[in-house]
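>>> Next input, structure requested:
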Amino acid sequence: MQYISHYQSPMGDILLAADAIGLTGLWFEGQKYFALSLDREHEEKELPVFEHAKRWLNIYFSGKEPDFKVPLHFTGTAFQNAVWGILYTIPYGQTMTYGDIAKQLAAKRGLAHMSAQAVGGAVGRNEISIMVPCHRVVGANGSLTGYAGGIDKKMTLLKLEKAFKKEYFIPKHSTAP
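Reported below is the predicted structural model:
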């Protein structure tokens with residue numbers, strides 16, 4: 001059974017989802033793939049994990065790095081979960097490219113190569129936005145490609161973390177999955 005709660009962020013309304021293991025979703029209202037993994041039957045209920053998540057978000061949106069982790073439960077495919085696991089390790093205030101993630105995943109799997117485009121597809125379907133920081137992933141050339149919450153939110157989050165660099169740019173044609 002999944003449960004939901006709502007959070008009012010400075011960037012818009014957020015829907016949180018969780019099960020008995022941990023947080024399963026964190027979506028900006030109306031974003032691409034909104035609540036894609038949410039069980040059809042769910043219940044609105046305040047749980048301790050939501051209290052922790054909201055405290056984490058309050059600290060984060062104040063411009064500080066939260067000093068604790070919220071229990072998470074990845075519910076994607078094995079490939080998506082592997083990519084999301086790497087996303088989760090990107091430090092606050094830093095960025096990584098899709099190619100970097102592909103190389104890291106290939107090394108973990110003992111492969112010579114992994115597709116950055118396949119990684120991009122998994123990054124784009126990240127179910128736990130902000131806490132699993134897909135906004136910290138940029139194109140190799142500095143392009144701010146594909147963020148399900150919208151490029152404007154990606155830029156705002158990077159600026160909040162002081163991770164936005166002058167060489168970053170919005171591509172003329174989106175490569176979002």
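>>> going forward, measure contacts and count neighbours with C-alpha atoms only.
OK.
>>> From what I see, R136 and L160 are in contact.
No. The pair R136 / L160 is not scored as a contact, 11.5 Å apart, by CA atoms under 8 Å.
>>> The two: which is more packed in?
Of the pair R136 and L160, R136 is the one with more neighbours under other CA atoms under 10 Å, namely 26 against 16.
>>> how many neighbours does the nearest residue to that one once chain neighbours are set aside have?
Spatial nearest neighbour of R136, chain neighbours left out: T95 (4.6 Å); criterion: CA to CA, 6 or more residues apart in numbering. Look at T95: counted by other CA under 10 Å, it has 20 neighbours.
>>> Next up, the contacts around T95.
136-138, 163 (CA atoms under 8 Å, 6 or more residues apart in numbering).
>>> swap the cut-off to 7 Å and go again
136-138 (CA atoms under 7 Å, 6 or more residues apart in numbering).
>>> And A53, by the same measure?
By CA under 7 Å, 6+ apart, the neighbours of A53 are V70.
>>> Next: the one 3 residues further on.
Counting by CA under 7 Å, 6+ apart, W56 touches P66.
>>> can you do 8 Å?
66, 68-70.
>>> Which helix or strand contains the residue lying closest to H135 once chain neighbours are set aside?
Once flanking residues are discounted, H135 sits nearest to K154: 5.2 Å by CA to CA, 6+ apart. Applying DSSP states H and E as the criterion places K154 in helix 151-160.
>>> go on, R55?
Going by DSSP H and E, R55 is part of helix 48-61.
>>> pLDDT on the helix or strand that that helix is followed by, on average?
The C-terminal neighbour of helix 48-61 among helices and strands, as given by DSSP H and E, is helix 78-87. Throughout helix 78-87, pLDDT has a mean value of 97.
>>> who touches helix 78-87?
Counting by CA under 8 Å, 6+ apart, 74-75, 101, 105, 119, 122-123, 125-126, 132-134 sit against helix 78-87.
>>> at 7 Å what do you get?
74, 101, 119, 122-123, 126, 132-134.
>>> do stretch 122-138 as well
24-27, 33, 80, 83-84, 87-88, 94-98, 144-148, 154, 158, 177.
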